[in-house]
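K.L.:
Provided below for reference: sequence and predicted model.
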Amino acid sequence: MSTQPSTSLPVRLLRGFAMFWWDFLVGDTPELFVATLITLGVAALVSLAAHANGVAVVLLPLLVILSLTASVARAVHKTRR
Amino acid sequence: MTAAAASSPTGLAVLVSAVFLACAVEMVEALTIVIAVGKTRGWKSAMEGTGAAVVVLTVLVAIFGPSLVRVPIDTLRLIVGGILLIFGMQWLRKAILRSAGLKAMHDEDAIYAETVAELEAAAARPDRDRLACIMAFKGVFLEGLEVVITVVTLGTSAHHLGVASATAAIALLLVGIVGVVVAKQLSSVPENAMKMAVGVMLVAYGTFWTGEGLKVRWPGGSSDVMLLVLVGIFLAVTWAAIAVTRRSVRPLEVVT
């Protein structure tokens, strides 16, 4: 017999929905989630606040590449430990 | 991306390829779970769970799908761009690690074994196997939700929701037919190559639409040119990352 209090269906559905998005966006790569937020923030500052279009064009793909390589490097480092 | 540019053949080809490959990969994963459930605990429960998941997904799309059209296009593209960037980078990361030999080449074998082990550990019920039904539902629903997100985000942002939906339907149908015909786990599907191609396209789209959402004026004057440039850049980065990762892993393999 379960000792946990039973939760209502809406609560379980909401929890499941939140868990799905957490797994989908964060999962086992929280660094990619954080890096994407930083990329969006920096690109927004450069494009919308500083109106530096040329910088934004170069910076946006560059930040994405850096995020990806940093995440791969983290995974490689983890396997070495 | 302007409406005219979004309708151009190259832009459409990238969209169709990305949706097709992404949906095929998700369908392979869902089908692996359904086949594991069906073969272990019977097809009735597997089909009940699958049917229920498809119904719930359809209801969710019908409820939330139309509301997306009302979101301002720049906001939508920024959100979609962010989601595609995260999703695409997760896929690319996994594909790079697999190609470098740091991860198993297929998820399917592990998914199949895990599902079968879980089902065999629980006692089967002769009449109606609730656990099997739930496992089939969960597998199809979660993978299906990823299909829905991919189709809705890519389709809505490119103003081609119809094309994206039709492409997804064809991909699901094709993989479904192959799965039914072979009726076994689909580990022979070149999943990593497909995942890598989708990852590159999702990251390219994500970068492009994030920029569009932030009012970045891409060079070239056409979305086609910039999308292809971005696809080329991310493809080159992926290959370079695989080469570097392989080199850095090899000495370790010799040692161990």
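P.N.:
Looks like it arrived, so ask away.

K.L.:
Could you use CA atoms for every contact and neighbour count after this?
P.N.:
OK.

K.L.:
Quick check, central residue of chain A?
P.N.:
When C-alpha atoms, centre = their mean is applied to chain A, the residue found nearest the centroid is residue A:33 (1.1 Å).

K.L.:
any idea whether residue B:239 is helix, strand or coil?
P.N.:
In terms of secondary structure, residue B:239 is helix; the call rests on DSSP: H, G, I helix; E, B strand; the rest coil.

K.L.:
Count the neighbours of it for me.
P.N.:
13 (other C-alpha atoms under 10 Å in any protein chain shown).

K.L.:
how much space is there between it and residue B:97?
P.N.:
From residue B:239 across to residue B:97, the span is 11 Å (C-alpha to C-alpha, to the nearest Å).

K.L.:
what's the answer for residue B:50, then?
P.N.:
In this structure, residue B:50 and residue B:97 are separated by 32 Å, where distance is defined by C-alpha to C-alpha.

K.L.:
Go ahead and list the helix or strand containing the residue nearest to the centre of chain A.
P.N.:
Counting by DSSP states H and E, the secondary-structure element that holds residue A:33 is helix A:30-44.

K.L.:
For that helix, name the packing helices and strands.
P.N.:
On a contact count with 3 or more C-alpha pairs under 8 Å, 6 or more residues apart in numbering or on different chains; DSSP states H and E, helix A:30-44 meets helix A:53-80, helix B:73-99.

K.L.:
Which one of those has the poorest average confidence?
P.N.:
The weakest mean pLDDT among these belongs to helix B:73-99, with a mean of 90.

K.L.:
Give the next helix or strand downstream of that one.
P.N.:
helix B:108-121.

K.L.:
Quick one: mean pLDDT for that next one?
P.N.:
Rounded mean pLDDT across helix B:108-121 is 72.

K.L.:
by contact count, what packs against it?
P.N.:
In terms of contacts (3+ C-alpha pairs under 8 Å, 6+ apart), helix B:108-121 is packed against helix B:9-41.

K.L.:
quick check: mean pLDDT across the helix it packs on?
P.N.:
Confidence over helix B:9-41, taken as the mean pLDDT, stands at 83.

K.L.:
and the closest residue to residue B:245 other than its chain neighbours, how many neighbours does it have?
P.N.:
Sequence neighbours aside, residue B:100 is the residue nearest to residue B:245 in space, at 5.9 Å (criterion: C-alpha to C-alpha, 6 or more residues apart in numbering or on different chains). Look at residue B:100: counted by other C-alpha under 10 Å, it has 22 neighbours.

K.L.:
what about residue B:74, distance to chain A?
P.N.:
The gap separating residue B:74 from chain A is 12 Å, by C-alpha to the nearest C-alpha, to the nearest Å.

K.L.:
Excluding chain neighbours, what is closest to that residue?
P.N.:
Residue nearest to residue B:74 in three dimensions, not counting chain neighbours: residue B:213, with 4.3 Å by C-alpha to C-alpha, 6+ apart.

K.L.:
check contacts around that neighbour.
P.N.:
For residue B:213, the set of contacting residues under the criterion of C-alpha atoms under 8 Å, 6 or more residues apart in numbering or on different chains consists of B:73-78, B:81.
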